[in-house]
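*Asks:* no sequence for this one, just the structure:
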Ligand SMILES: NC(=O)C1=CN([C@@H]2O[C@H](COP(=O)(O)OP(=O)(O)OC[C@H]3O[C@@H](n4cnc5c(N)ncnc54)[C@H](O)[C@@H]3O)[C@@H](O)[C@H]2O)C=CC1
Ligand SMILES: CC(=O)C(=O)O
Ligand SMILES: [Mg+2]
């Protein structure tokens, strides 16, 4: 198969779909790999590194899109990229379609078979291609909160860990999955007072065992969210209903009950955000203020640390990517977990949560593939 990797073009996105190490694996499996010139510079990988791994360097993104049977990326394709996709081609990347009707229309019109990293599953009920970036974003969320809490950045001027004799900041984490757990580790490490809310009691049990008394856990009800948000200095939004738009758990009315200069970090913004007042921001201008509350809503947080993120992402995407290259779309029939990644195929939406969120018809992926 001809595998292609264009340079990422989203604002301040420095990750790349394939590392030179991943290219070498595809080439060893007998595939050819086309990489856009400069695609790896954000992680310090030069065209020469890719050539040494067996890739051919393409002068433009257009050459990669037109010359590949499968396009491997990081972020959802941008409008200028949708139009270059075609029927019979596989797109393998993050998509986050539920809050993005325009991109969905673009992919449907192209006829491409689009596999979303974020809905591929594993045998343990996890999301193996989302998890590594959730680990990064969870850890970064506390760095973002700490910075935004500084007075010069619009925050209330409180140090997460306090100092001896002065109380630490209170961090409320809504959603105790991968993002929530990693955020908690960092917040505890800095000495903050941490509470995690989740609506899975089993998840709260696991977190209670893991953190052994160093976090408070609360079952996520409206009343509990309100109480924990009102008393927080920083709130991390980390909920997920796989594939679907995030539920709005903190309303605009609730901001009035919060401390002035408190910070909301909406990690779930890539699924539309879990705070009513969120809108996606970029690394160039990551925060904005609503009713005296600082909002940080960057939809590609891991792009800020591309070296760590790209390697972590490639570790996870490589086995499924190789299966796709080796077997084409038959790889989906061989692996029900990869099948769950298929969001769009030949003009049809093939993921239930995505279709429901967008109010569109859905065709079961195996039926869509059989046609
Ligand atoms: N902004 C960014 O750059 C990035 C964003 N993300 C996003 O972060 C979000 C979280 O991802 P993960 O931690 O991997 O998901 P996860 O599935 O591991 O955890 C989500 C948790 O939310 C809980 N939850 C669902 N509804 C809830 C509610 N009403 N109240 C409290 N908890 C609730 C679930 O029980 C689960 O434990 C996703 O939207 C993901 O796409 C992930 C990586 C990067
Ligand atoms: C998951 C995601 O949106 C990201 O890594 O950018
Ligand atoms: Mg996104």
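*Replies:* Right, received. Where do you want to start? Computed from a predicted structure; not experimentally measured. Ligands and ions are numbered 1, 2, ... in the order given.
*Asks:* Tell me who's in contact with the residue nearest to residue 249 when sequence neighbours are not counted.
*Replies:* Distances taken as CB to CB, 6 or more residues apart in numbering place residue 274 nearest to residue 249, at 4.9 Å, with adjacent residues excluded. The C-beta positions use only the backbone N, C-alpha and C, and glycine is treated the same way. By CB atoms under 8 Å, 6 or more residues apart in numbering, the contact set of residue 274 is 174, 175, 237, 239, 246, 247, 248, 249, 250, 266, 268.
*Asks:* okay, residue 11: pLDDT?
*Replies:* On the pLDDT scale, residue 11 is placed at 89.
*Asks:* any idea how far it lies from residue 281?
*Replies:* Distance of residue 11 to residue 281, computed by CB to CB, to the nearest Å: 9 Å.
*Asks:* cool, residue 242 as well?
*Replies:* 24 Å.
*Asks:* same check, this time on residue 349
*Replies:* With CB to CB as the criterion, residue 349 and residue 281 are 28 Å apart.
*Asks:* if you count what's nearby, which of those two comes out ahead?
*Replies:* residue 349 (24 against 18; other CB atoms under 10 Å).
*Asks:* Which strand residues bridge that one?
*Replies:* residue 344 (DSSP bridges).
*Asks:* Now do the residue of the chain found nearest ligand 1, the pLDDT please.
*Replies:* Residue nearest to ligand 1 within the chain: residue 177 (1.7 Å; CB to the nearest ligand atom). Per-residue confidence (pLDDT) for residue 177: 98.
*Asks:* Let me know how buried it is, in neighbour terms.
*Replies:* 20.
*Asks:* what's the answer for residue 9, then?
*Replies:* Counted with other CB under 10 Å, residue 9 comes out at 14.
*Asks:* which ones are touching it?
*Replies:* Counted by CB under 8 Å, 6+ apart, residue 9 has contacts 61, 78, 80, 81.
*Asks:* Next up, the contacts around the first one.
*Replies:* Neighbour list for residue 61: 6, 7, 9, 36, 81, 84 [criterion: CB under 8 Å, 6+ apart].
*Asks:* And the third one, by the same measure?
*Replies:* When contacts are counted by CB under 8 Å, 6+ apart, residue 80 is found next to residue 9.
*Asks:* same deal with the second one?
*Replies:* Taking CB under 8 Å, 6+ apart, we find residue 78 in contact with 9, 10.
*Asks:* from what I can see residue 195 touches residue 219, true?
*Replies:* No. With contact defined as CB atoms under 8 Å, residue 195 and residue 219 do not form a contacting pair (11.5 Å).
*Asks:* Looking at the two, which has the bigger crowd around it?
*Replies:* Between residue 195 and residue 219, counted using other CB under 10 Å, residue 195 has the larger neighbour count: 22 against 11.
*Asks:* how about that one, secondary structure?
*Replies:* strand (DSSP: H, G, I helix; E, B strand; the rest coil).
*Asks:* mind listing what it touches?
*Replies:* 170, 171, 172, 173, 215, 216, 217, 218, 228, 232.
*Asks:* Highest neighbour count among those residues?
*Replies:* In the contacts of residue 195, the most neighbours by other CB under 10 Å go to residue 173, 33 neighbours.
*Asks:* The closest residue to ligand 2 within the stretch 1-150 of the chain: how many residues sit nearby?
*Replies:* Here the stretch 1-150 of the chain gets closest to ligand 2 at one residue, residue 133, 3.4 Å apart by CB to the nearest ligand atom. Residues lying near residue 133 (other CB under 10 Å) number 26.
*Asks:* Assign it to helix, strand or coil.
*Replies:* Classified using three-state DSSP, residue 133 is helix.
*Asks:* Count the residues that sit near the closest residue to residue 256 other than its chain neighbours.
*Replies:* Once flanking residues are discounted, residue 256 sits nearest to residue 291: 6.5 Å by CB to CB, 6+ apart. Applying other CB under 10 Å, we find 12 residues neighbouring residue 291.
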